[in-house]
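Engineer: have a look; sequence and predicted model below, questions after that.
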Amino acid sequence: MAVPSHNNGDSGPVATPRPSVKWLVSTGVPMHMTPTESVLQNKRVLPAPISLRQVYGSIISGSLVGDVTISHRITLKDVVYIPDLRESFLSVGSLMNQIPNVGVVFDSAGCTFTDFATGETLAIAHPDERGLCLLDMVDFQSHYSEALPMTMSNVLAPCYDG
């Protein structure tokens, strides 16, 4: 996948930076979600908005969906844009439904996404200060290549301490 570029007029093409988004890896959310519209590609308007009740009772909704390229190997499909979310969520359930041979293993170091057919490690998410697994788009974009579609869920998965 080529990085978008523009010509600055003097020194040739310059890479246009992609927004950096950190994704919480979740086993409980039903879909991939993000509050960052600028990461969406192939944007589509949903026929009806998706509404979610948050832990504290407020309801948030989104009516736009798109794809998000995490790395050259990982493209999340059907990511819902919900502007009032605080964080982006990667749904483990959606991912595993979309790609049956991909497994996610949680341990004290975080979680590892593996292609069980090839044994290849596709991505590693590290625990944040809350103990939740966090996947960083910037880390992925600099280390992996070749597109592999994935989807997201909205329940947080703790990274286990031991």
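Structural biologist: Alright, I've got the coordinates.
Engineer: what's the biggest strand in the chain, counting residues?
Structural biologist: strand 41-53 (DSSP state E).
Engineer: which parts of that strand are buried?
Structural biologist: I50, L52 (16 or more other C-beta atoms under 10 Å). Any C-beta I mention is one placed from the backbone N, CA and C, and that applies to glycine too.
Engineer: how about low-confidence regions in the protein?
Structural biologist: Counting by pLDDT under 70, the chain has low-confidence residues at 1-19, 71-73, 137-162.
Engineer: helices along that one, start to end?
Structural biologist: Counting by DSSP state H, residue ranges of the helices within the chain are 92-98, 137-143.
Engineer: gap between V21 and S51?
Structural biologist: 22 Å (C-beta to C-beta, to the nearest Å).
Engineer: sorry, wrong one. I was asking about L76.
Structural biologist: In terms of C-beta to C-beta, L76 sits 21 Å off from S51.
Engineer: and what of E37?
Structural biologist: 18 Å.
Engineer: repeat that for P30.
Structural biologist: Distance, P30 to S51, by C-beta to C-beta: 12 Å.
Engineer: which parts of the protein are strands?
Structural biologist: Under DSSP E, the chain gives strands at 5-7, 13-15, 22-26, 33-34, 41-53, 59-69, 75-81, 88-91, 102-107, 110-115, 120-127, 133-136, 149-150.
Engineer: tell me which of those sits most buried.
Structural biologist: With neighbours taken as mean count of other C-beta atoms under 10 Å, the strands of the chain reach their highest mean count in strand 88-91, at a mean of 29.
Engineer: tabulate the CA atom coordinates of that strand in CSV.
Structural biologist: Only the C-alpha atoms of strand 88-91 are listed here, as CSV (Å, rounded to 0.1, in the frame of the first residue of the first chain):
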residue,chain,number,x,y,z
SER,A,88,-11.0,3.4,19.3
PHE,A,89,-12.0,-0.3,19.9
LEU,A,90,-10.8,-3.3,18.0
SER,A,91,-13.3,-6.2,18.3
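Engineer: against which helices or strands is that strand packed?
Structural biologist: Applying 3 or more C-beta pairs under 8 Å, 6 or more residues apart in numbering; DSSP states H and E, we find strand 88-91 packed against strand 22-26, strand 33-34.
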